[in-house]
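Participant: take a look and give me a structure for this.
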Amino acid sequence: MSRREAFHVFVACLAAAALGQGCHCNGSSDAGGGTDSAPGTDSAPGIDSGPGIDSAMCAATETACAGGIDEDCDGMTDCADSDCTGDPACMCAATETACADMMDEDCDGAVDCADSDCTADPACMCAATETACADLMDDDCDGAVDCADSDCAADPVCTCTATETLCADMMDDDCDGAIDCADSDCAAAPTCMMCTPSGAEQMPAGHCMDGLDNDCDGMTDCADPQCMGIGGCP
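Facilitator: So this is what the prediction gives:
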């Protein structure tokens with residue numbers, strides 16, 4: 001008997017002892033609660049101290065093929081035991097039945113989309129063109145993503161306008177490298193104007209000390225005659 005088999009017998013006998021039954025080398029149990037001081041001889045509650053295996057504790061075949069236990073004590077566990085040849089837990093499917101479960105159902109070494117069985121599966125198929133141009137996905141599997149794909153040339157999210165159309169969207173709308181207020185197209189945009197050509201340096205109140213050329217005349221604060229005697233200007 002192997003050490004593995006002896007271990008299984010030992011564990012089984014412990015369970016029998018807990019129920020008040022003895023455990024014999026010859027496969028019988030002691031309903032009266034004895035233990036062998038020598039093989040086959042009961043003396044006190046406990047377990048067979050002699051070498052051997054209690055065959056009554058081993059199943060005739062591997063009863064469960066995914067439990068990690070060698071039920072029939074033949075040294076082969078679960079799918080490694082020929083008793084499990086037809087068990088669903090040990091069988092390979094004819095093809096890759098699910099293409100996104102990270103399992104190799106047909107045991108051919110190719111998992112999911114890497115298996116040719118999944119070529120037509122929606123989870124593995126490439127679109128004919130880049131179907132979405134702002135999803136950060138290479139929809140047609142050509143190596144070009146979103147706007148970098150020529151398929152997106154006419155897509156609104158990828159086209160350039162003649163000028164910077166929005167001056168506060170953090171986008172380079174006309175693709176000239178200048179964004180929003182940094183683009184000369186936005187010079188007259190209210191969100192980008194630092195001065196009002198038709199205004200006055202001193203209006204509204206406090207502008208004579210703000211460090212800005214509020215009326216676009218090239219003179220700032222007290223350097224502008226309009227600020228004479230206003231605020232801290234002489």
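
Participant: C-alpha from now on. contacts and neighbour counts both.
Facilitator: Noted.

Participant: shaky segments in this structure?
Facilitator: Low-confidence segments of the chain (pLDDT under 70): 1-11, 13-56, 193-206.

Participant: can you show me the strands along it?
Facilitator: For the chain, the strands defined by DSSP state E occupy 22-23, 29-30, 36-38, 41-42.

Participant: quick one: stretch 88-107 to chain centroid distance?
Facilitator: Going by CA atoms, centre = their mean, to the nearest Å, the spacing between the C-alpha centre of stretch 88-107 and its chain's C-alpha centre is 21 Å.

Participant: do stretch 158-176 as well
Facilitator: Per CA atoms, centre = their mean, the centroid offset for stretch 158-176 relative to its chain is 36 Å.

Participant: and it, how far apart are its ends?
Facilitator: Using CA to CA, to the nearest Å, the end-to-end distance of stretch 158-176 comes out at 14 Å.

Participant: show me which residues of it are buried.
Facilitator: Under the neighbour-count criterion of 16 or more other CA atoms under 10 Å, stretch 158-176 has 158, 160, 164-167, 172-174 buried.

Participant: redo those residues as TSV? Include distance to residue 83.
Facilitator: Below are the buried residues of stretch 158-176 laid out as TSV (distance: CA to CA, whole Å):
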residue	distance to residue 83
158	62
160	69
164	75
165	74
166	73
167	75
172	69
173	70
174	72
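
Participant: can you give me the helices for this structure?
Facilitator: Ranges of helices in the chain, per DSSP state H, are 3-18.

Participant: about what we covered before: out of the buried residues of stretch 158-176, who's nearest residue 131?
Facilitator: residue 158 (13.0 Å; CA to CA).

Participant: please name the nearest non-neighbouring residue to the closest one.
Facilitator: residue 147 (5.4 Å; CA to CA, 6 or more residues apart in numbering).

Participant: measure residue 156 to residue 114 for me?
Facilitator: 35 Å.

Participant: these two - which one has more neighbours?
Facilitator: residue 114 (14 against 11; other CA atoms under 10 Å).

Participant: residues touching the more buried one, list them.
Facilitator: With contact set as CA atoms under 8 Å, 6 or more residues apart in numbering, residue 114 has no partners.

Participant: how much space separates it from residue 145?
Facilitator: 21 Å.

Participant: ditto for residue 89
Facilitator: From residue 89 to residue 145 the distance is 41 Å (CA to CA).

Participant: in terms of neighbours, single out the busier of the two.
Facilitator: Shown here are residue 89 and residue 145; by other CA under 10 Å, residue 145 has more neighbours (21 against 13).
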